[in-house]
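Chemist: Predicted model, plus sequence, below.
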Amino acid sequence: MPATATPLIALRGVCKRYFRGQQSVDVLQGIDLDIEEGDFIALMGPSGSGKTTLLNLIGGLDQPTAGSVSVDGQRLEGLTSAELAAWRARNIGFIFQFYNLLPMLSARRNVELPLLLTSLSARERKHRALLALELVGLAARAQHKPAELSGGEEQRVAIARALVSDPRLLICDEPTGDLDRHTADEILSLLQVLNHRHGKTILMVTHDPKAAEYARRQIHLDKGVLAREADAGGGA
């Protein structure tokens, strides 16, 4: 993967502190991190190490107590809630452990949801949703509701929903944590395809060393500090 002059994601001196009553808890402490466009990173570490907090900062779901978070040259700290929401809609696709599909809607309608805030016509929204479902291998299940799908199919629908706006960055929080090994490997292989063939930058939190092997790099957090980095087995 060729190096770029400016990383897609740049964190400098990022700290995050929460307060529980009168007690302060330092979750992240002085994080410096660069992520190049087209990378696939597995973010690992024990529970409570700050992995999801870091993911939320990069995805614009939260803001740092100190330091800067830049994604594609956009500084996120200081943006209003409305500005962050608009920025996320343009740039980020979120994939979670639990699929968060609306049970009364078909797979296609679930995938369309992020497009409802756009100016696209109903016809174009439908077209894009079907393309996204085709990309994840579920075109034939477009009219099925979540209860009619397997867990792996539900996660594929969730991935299609994350892709439908064509974001540059996919943020995945334990995307295979609720799946058996075989189905998890299928989902991870799909993420690899999205990374290798479609150029999506992927940042994935996982506790699973086998899942991390699908990534290009592994970054480890320990007590809010970047502990070490290792190459993973997922390079092209």
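Modeler: Cool, the structure landed.
Chemist: Reduced to three states, what does the residue nearest in space to the middle of the chain come out as?
Modeler: Taking Cα atoms, centre = their mean, the centroid of the chain lies closest to residue 171, which sits 0.9 Å from it. Secondary structure, DSSP: H, G, I helix; E, B strand; the rest coil: residue 171 is strand.
Chemist: separation between it and residue 130?
Modeler: Note on residue 171: its distance to residue 130, by Cβ to Cβ, to the nearest Å, is 24 Å. All C-beta atoms are positioned from the backbone trio N, CA, C, and that covers glycine.
Chemist: which non-adjacent residue is nearest the residue nearest to the centre of the chain?
Modeler: residue 59 (4.6 Å; Cβ to Cβ, 6 or more residues apart in numbering).
Chemist: wouldn't residue 15 be in contact with residue 69 here?
Modeler: No: Residue 15 lies out of contact with residue 69 (Cβ atoms under 8 Å); the separation is 11.1 Å.
Chemist: more neighbours, those two?
Modeler: Ranked by neighbour count (other Cβ atoms under 10 Å), residue 15 and residue 69 place residue 69 first, with 23 against 15.
Chemist: Am I right that that one is in contact with residue 16?
Modeler: No: Residue 69 lies out of contact with residue 16 (Cβ under 8 Å); the separation is 10.3 Å.
Chemist: Low-confidence ranges, this structure, go.
Modeler: 1-5, 228-236 (pLDDT under 70).
Chemist: Break down it into its strands, ranges please.
Modeler: Assigned strands in the chain, in chain order: 9-20, 23-35, 40-44, 66-71, 74-75, 92-96, 169-173, 201-205, 217-222, 225-231 (criterion: DSSP state E).
Chemist: Give me the neighbour count for the nearest residue to residue 217 once chain neighbours are set aside.
Modeler: Leaving aside its chain neighbours, residue 217 sits nearest to residue 41 (5.0 Å; criterion: Cβ to Cβ, 6+ apart). When counting by other Cβ under 10 Å, one arrives at 23 neighbours for residue 41.
Chemist: Roughly how far does residue 41 sit from residue 69?
Modeler: Note on residue 41: its distance to residue 69, by Cβ to Cβ, is 15 Å.
Chemist: ok, the closest residue to residue 74 other than its chain neighbours to residue 75 distance?
Modeler: Spatial nearest neighbour of residue 74, chain neighbours left out: residue 87 (6.5 Å); criterion: Cβ to Cβ, 6+ apart. Separation of residue 87 from residue 75 (Cβ to Cβ): 11 Å.
Chemist: higher neighbour count, those two?
Modeler: residue 87 (17 against 11).
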